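J.: A predicted structure for the sequence below; I have some questions about it.
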Amino acid sequence: MSSPKVLFGFHAVGVRLKTAPQSIIEIYYESSRRDARMRQFIDRAKEAGARLIEADSLRIAKLCGSHGHQGVAARVNEVEQVRSLDELLEQLEADGIAPLLLVLDGVTDPHNLGACLRVADGAGAHAVIAPKDHAAGINATVAKVASGAAETMPYFMVTNLARTLNELKERNIWIIGTSDDADKTVYQVDLKGPVALVLGAEGQGMRQLTRKTCDELVSIPMKGAVESLNVSVASAVCLYESLRQRG
């Protein structure tokens, strides 16, 4: 069994209370906070049968490595998820579900990754994929920003992204990359079928090999003075357009 990890913040710990309370070892909460949000959280934790430990803000900050803990942190065991991308895709195929995947190329900021996971969960994506050598991994900051989505959204880090994209093509998944210079916009392509949406880091965009591997490139219309969107915002635009098309 893997070592316990730490979640912090109301959203991240609250989602774990909702989805897998049995995996919670203990919850630390700031005893000096007596506001309504904290009282409601403690009530939920007690209903779930979680072990509650009073602590001061500094102790919680040391536990989670951040002062942005909102007075709440939890030590938890890992929740078993789908073990591989192939396993996930086979399950979707067996259920007759068209995969919706988000691929991140070069997103190394944990805040951006957390926001992307949150967006992917909200839009109903089935997984987020990233290369091992050009991506942020899941840590406490990612989990905090993801507001619980790091617990529910499968995140696969692959050794060779271009090879993985080609393997997705073999499964008849259409690879759509985003680029400022694309002729079509995201609103002009069919996103109802099996699709993997590929986004690069803000500024740099996708790496050249990733770009060449895409079946099609699309842009997001920019009507104002700014030239680009944050990768999590761009992910939201693309994923929710797919969700809209899928009805």
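T.: All right, it came through fine.
J.: From now on I want contacts and neighbour counts done on CA atoms only, so please keep to that.
T.: OK.
J.: domain assignment for the chain?
T.: When the chain is parsed with automatic domain parsing, its domains come out as 5-76, 85-246.
J.: Number of residues surrounding Lys169?
T.: The number of residues packed near Lys169 is 18, by other Cα atoms under 10 Å.
J.: repeat for Gln91
T.: 13.
J.: which SS state does it fall under?
T.: Assigned by DSSP: H, G, I helix; E, B strand; the rest coil, the conformation of Gln91 is helix.
J.: So it versus Arg83, what's the distance?
T.: Between Gln91 and Arg83 the distance is 12 Å, computed by Cα to Cα, to the nearest Å.
J.: rewinding a little: could I get the domains of the chain as CSV with mean pLDDT?
T.: Formatted as CSV, those follow (pLDDT from 0 to 100):
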stretch, mean pLDDT
domain 5-76, 92
domain 85-246, 93
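J.: Quickly note the distance from Arg207 to Glu151.
T.: Note on Arg207: its distance to Glu151, by Cα to Cα, is 28 Å.
J.: before we move on, what about Pro194?
T.: Taking Cα to Cα, one finds Pro194 at 24 Å from Glu151.
J.: What of His134?
T.: Counting by Cα to Cα, the separation of His134 from Glu151 is 22 Å.
J.: Comparing these two, which residue is more hemmed in?
T.: Of the pair His134 and Glu151, Glu151 is the one with more neighbours under other Cα under 10 Å, namely 24 against 16.
J.: What sits closest to the more buried one if chain neighbours are left out?
T.: Arg16 (7.2 Å; Cα to Cα, 6 or more residues apart in numbering).
J.: Show me what the strand or helix carrying the one you found packs onto, helices and strands only.
T.: Using DSSP states H and E, the element containing Arg16 is helix 10-19. Judged by 3 or more Cα pairs under 8 Å, 6 or more residues apart in numbering; DSSP states H and E, helix 10-19 is in contact with helix 36-47, strand 72-76, helix 140-146, helix 149-152.
J.: got the ones you listed as TSV, with distance to Ile175 columns?
T.: TSV is the format used below for the helices and strands packed on helix 10-19 (distance: least, Cα to Cα, whole Å):
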stretch	distance to Ile175
helix 36-47	42
strand 72-76	36
helix 140-146	25
helix 149-152	24
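J.: The ones you listed: which one's closest to Val226?
T.: For Val226, the closest of these is helix 140-146, at 24.5 Å, according to Cα to Cα.
J.: Which residues does the closest one contact?
T.: Here helix 140-146 makes contact (Cα atoms under 8 Å, 6 or more residues apart in numbering) with 6-9, 11-12, 64, 66, 110-111, 113-118, 149-151.
J.: and with 6 Å instead?
T.: Helix 140-146 is contacted from outside by 7, 9, 12, 110-111, 114-115, 117-118, 150, using Cα atoms under 6 Å, 6 or more residues apart in numbering.
J.: Which of those ranks first by neighbour count?
T.: Highest count within the contacts of helix 140-146 by other Cα under 10 Å belongs to Leu117, 31 neighbours.
J.: host element of the residue nearest the centre of the chain?
T.: Nearest to the geometric centre of the chain sits Leu117, at 1.5 Å (Cα atoms, centre = their mean). Assigned by DSSP H and E, Leu117 belongs to helix 110-123.
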